[in-house]
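J.: this one's sequence-less:
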């Protein structure tokens, strides 16, 4: 999820967790709880600073230690202490850190949950494991999801004395994720039916959520050599027509065809013909280990058997990010070598051109 949506979810949770004073427990007013919840729910995305170190550091570290359920109690303690001390600088002071702690922990956990429902992958067990977990029910930017949260906050502003609007909005968000789960189940069923009809081996069957509708999906089947994939809408009975004058939601949604009319494409993971040997060499190289770990549906993007400068190059992309309306695909990386057995040089494809990266992923001189 985007950071703004995370902050909205944390503020809404904070409103639910606000409490009056009780025996031995200081009050946590709604405004305080919402502020702490919003800050805590935005905090895990502080790992964006890894991008200043290098691209590869960001790729390997994003949704890592700041998104760990194991480390969440420690991060919550840090945030609670920090918020309490900041509050004491204001007139009237602030409650002790113990009052802030439950909201800070809740904000962190709701952020982790918001990322877990997408398909990018979240390292819930970092730093002890770099395995990425993903429910894969929801696109990374979901306007309905964000709209429910915003509506809950607006209702909370109108009925200030009640936490019911905030609680109902959180329940509605959970229900919307459930709708995505239904759409995902239908997409997987469509992929399974296609594989059976075509007699395909089904080593992997998955579905990637897409924008504009919980029923828009890219279904991917891997048979051990080739990927078979289609962009489809599981509830549509006829294609949607959209022109330049239509709103962006309709334009983004139109390419997803009814299941019975879906256009299935085939891509060989390592290409065909003489490209296969070079593609496999790049894929198995130690310098490409980070991409083997990262990519969910890796497929050969392009190969250059005799590039300028004598380079032999192969690059891969991830079908997880391939969408009909997307002009430029992210996360396209490859290796080049001037010799049959290496050494390899890492690059990223940007707009069809190679951008050299040094071994740790920072931009290097763009010499050919």
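T.: In hand now; what should we look at? Bear in mind that the values here come from a model prediction, so they are computed numbers and not experimental data.

J.: Might you report the residue contacts of the closest residue to residue 14 other than its chain neighbours?
T.: Using Cβ to Cβ, 6 or more residues apart in numbering and skipping the chain neighbours, the partner closest in space to residue 14 is residue 37 (2.7 Å). In short, each C-beta sits where N, CA and C put it, glycine included. By Cβ atoms under 8 Å, 6 or more residues apart in numbering, residue 37 lies in contact with 10-15, 17, 103-104, 106-107, 110.

J.: Figure out the helix or strand that residue 37 lives in.
T.: helix 30-42 (DSSP states H and E).

J.: Now rank the contacts of residue 37 by neighbours and give me the top one.
T.: Most neighbours among those, by other Cβ atoms under 10 Å: residue 107, with 34 neighbours.

J.: For that one, which three-state class applies?
T.: helix (DSSP: H, G, I helix; E, B strand; the rest coil).

J.: Once you drop chain neighbours, what's closest to it?
T.: In space, residue 107 is closest to residue 40, 2.8 Å off (Cβ to Cβ, 6+ apart).

J.: again with residue 96
T.: Spatial nearest neighbour of residue 96, excluding adjacent residues (Cβ to Cβ, 6+ apart): residue 84 at 5.9 Å.

J.: can you pull out the helices in the stretch 101-250 of the chain?
T.: 143-158, 164-198, 248-253 (DSSP state H, counting those that start in this stretch).

J.: Just put the ones you listed in JSON lines and tack on mean neighbour count and distance to residue 98.
T.: What follows is the helices of the stretch 101-250 of the chain, written out as JSON lines (neighbours: other Cβ atoms under 10 Å; distance: least, Cβ to Cβ, whole Å):
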{"stretch": "helix 143-158", "mean neighbour count": "18", "distance to residue 98": "24"}
{"stretch": "helix 164-198", "mean neighbour count": "17", "distance to residue 98": "22"}
{"stretch": "helix 248-253", "mean neighbour count": "16", "distance to residue 98": "45"}
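
J.: Nearest to residue 49 among those would be which one?
T.: Across those, residue 49 has its closest neighbour in helix 143-158 (24.4 Å, Cβ to Cβ).

J.: And the contacts of that closest one?
T.: 1-2, 4-5, 8-9, 11-12, 15, 30, 138, 162-163, 165-166, 168-170, 172-173, 176-177, 249.

J.: what's the answer for stretch 345-353, then?
T.: 55, 287-288, 301-302, 311, 313, 315, 317, 328, 332-337, 354-359, 361.

J.: Please, a PyMOL command that selects the buried ones among these?
T.: Buried residues among these (16 or more other Cβ atoms under 10 Å), as a PyMOL selection:
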select buried, resi 55+287+288+301+302+311+313+315+317+332+333+334+335+336+337+354+356+357+361
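
J.: Which ones among the contacts of stretch 345-353 lie within strands?
T.: Of the contacts of stretch 345-353, the ones assigned to strands by DSSP state E are 301-302, 311, 313, 315, 317, 333-337, 354-356.

J.: Got the confidence number for the nearest residue to residue 166 once chain neighbours are set aside?
T.: Distances taken as Cβ to Cβ, 6+ apart place residue 15 nearest to residue 166, at 4.0 Å, with adjacent residues excluded. Residue 15 is assigned 94 on the pLDDT scale.

J.: Equivalent analysis for residue 358, please.
T.: Value for residue 358, per-residue pLDDT: 74.

J.: quick one: contacts for the residue nearest the centre of the chain?
T.: Nearest residue to the geometric centre of the chain (Cα atoms, centre = their mean): residue 120, 3.3 Å. Listed by Cβ under 8 Å, 6+ apart, the contact set of residue 120 reads 63, 132, 134, 140.

J.: wait, the third one sits on residue 113?
T.: Spelled out, that is residue 134. No: Residue 134 is not in contact with residue 113 according to Cβ atoms under 8 Å; the separation is 11.8 Å.

J.: picking that back up, out of the helices of the stretch 101-250 of the chain, nearest to residue 220?
T.: Among those, helix 164-198 comes nearest to residue 220, with 7.5 Å by Cβ to Cβ.

J.: chain center to the closest one, what's the gap?
T.: 17 Å (Cα atoms, centre = their mean, to the nearest Å).

J.: angle of it against helix 143-158?
T.: Using axes from the mean of the first three to the mean of the last three Cα atoms, to 10 degrees, the direction of helix 164-198 lies 170 degrees away from that of helix 143-158.

J.: Residue 256 touches residue 211, doesn't it?
T.: No: the pair residue 256 / residue 211 is not scored as a contact, 9.6 Å apart, by Cβ under 8 Å.

J.: which of these two has more neighbours?
T.: residue 256 (26 against 18).

J.: Relative to residue 63, how far out is the more buried one?
T.: Distance of residue 256 to residue 63, computed by Cβ to Cβ, to the nearest Å: 27 Å.

J.: Then residue 7?
T.: 17 Å.

J.: Same check on residue 199?
T.: 38 Å.

J.: Settle it for me: which of those two has more neighbours?
T.: Applying other Cβ under 10 Å to residue 199 and residue 63 shows that residue 63 carries more neighbours, namely 23 against 7.

J.: Now for the residue lying closest to the more buried one once chain neighbours are set aside: which residues touch it?
T.: Nearest non-adjacent residue to residue 63, counting by Cβ to Cβ, 6+ apart: residue 122, 4.5 Å away. Residue 122 sits next to 63, 67, 112, 115-116, 132-134 when contact means Cβ under 8 Å, 6+ apart.

J.: Sweet, I'm off.
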